[in-house]
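In: mind folding the following:
(chains A and B)
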Amino acid sequence: MLVATWNVNGVRSRIDAVTAWLALRQPDVICLQELKVVPAEMPLPAFWALGYQVAFVAQGTYNGVAIAARAPHALTDVVVGGLGPGFDHEARLIAATVGGVRVVCGYVPHGQRIDAPLYQHKQRWLGQLRAYLDARHRATDPVLVCGDFNVAPESRDVHDPKVWTDKVHFHVDVRVAYKHLLAFGLHDTFRKHHGGTGLYSWWDYRGLAFEKDWGLRIDHVLATRPMAERCTFAAIDRAARVPAHASDHAPVLAQFTDLQGL
DNA sequence: ATGGCTGCTTTGAGCAGA
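Out: Sure thing, here's the model as predicted:
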């Protein structure tokens, strides 16, 4: 089962790029973030035409997340939100079961600045997601948590750690909150297969950041142990960031095998 | 590096993103 996550930064603006990428890579499951669309305007037929069933929650202008599964996979037991009061008013979380695997798709709040109230909210959001997992799953269940976490976990995930130390993606407090989430029993599938620096999933639109490779690795496919053990491949498809009018995020992929009997 | 991009908006200068 090939699983992808991609912050598309506007699904209407990006729909041609998304469908072309789906046709090229043919993931079995894709988690999308930042749909930025009212539900009625969600371009569902474009996904259906490629054989994908779609579950999504959207609110227009901001946020919006989706999980799509390619036939013959079915998408069942869809749950929207679930983080509790003060967190579920934004369209940032959806979950569904595909092929016996629970797939959680999240768009973690950005946080604006480290002195902003929204930064505290971001840390609480990550804490609520940990509580969400504690309440519903065990670390031995086949669970994937995919999405735009807006957190670069380590120095090697940041092009210039000094520049980002006081930013909301890499500041110590949010990295602690992220670590607590992973302590549920989640493993970074990308790091199972790739060490080293210079591997990013997001580059700023400004200042030729992509051309200079000033990026961050903030989009992740996290897996419980039984899933991580079955992860045979992971990648960031930075080619998707190259064209004009690309999303500022690249898709992140993870392949899982031998899922029968889980 | 952070003004220097981008998507979106009861259409346009402002917000939020990252």
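In: I'd guessed residue A:262 sits against residue A:101; true?
Out: Yes. Residue A:262 sits in contact with residue A:101 when judged by CB atoms under 8 Å, with a separation of 7.5 Å. The way it works is simple: take the backbone N, C-alpha and C, and place the C-beta from them, glycine included.
In: neighbour count winner among those two?
Out: More crowded of residue A:262 and residue A:101, by other CB atoms under 10 Å: residue A:101, with 24 against 14.
In: just list whatever residues bridge to the more buried one.
Out: Beta bridges link residue A:101 to residue A:98 when assigned by DSSP bridges.
In: any idea how far it is from DNA strand B?
Out: 25 Å (CB to the nearest atom of the strand, to the nearest Å).
In: that older thread, hey, what's in contact with both of residue A:262 and residue A:101?
Out: With contacts taken as CB atoms under 8 Å, 6 or more residues apart in numbering, residue A:262 and residue A:101 have residue A:142 as neighbours in common.
In: get me the contact residues on chain A for DNA strand B.
Out: A:7, A:9-14, A:33-34, A:36-38, A:60-62, A:109-110, A:112, A:118, A:148, A:150, A:160, A:163-164, A:167, A:169, A:202, A:204-209, A:214, A:216, A:218, A:245, A:248-249 (CB under 7 Å from any atom of the strand).
In: and these, which of them are in helices?
Out: A:11, A:12, A:13, A:14, A:118, A:163, A:164, A:209 (DSSP state H).
In: want to throw those residues into TSV with pLDDT?
Out: Compiled in TSV, these are given as follows (pLDDT from 0 to 100):
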residue	pLDDT
A:11	98
A:12	97
A:13	96
A:14	97
A:118	95
A:163	94
A:164	96
A:209	97
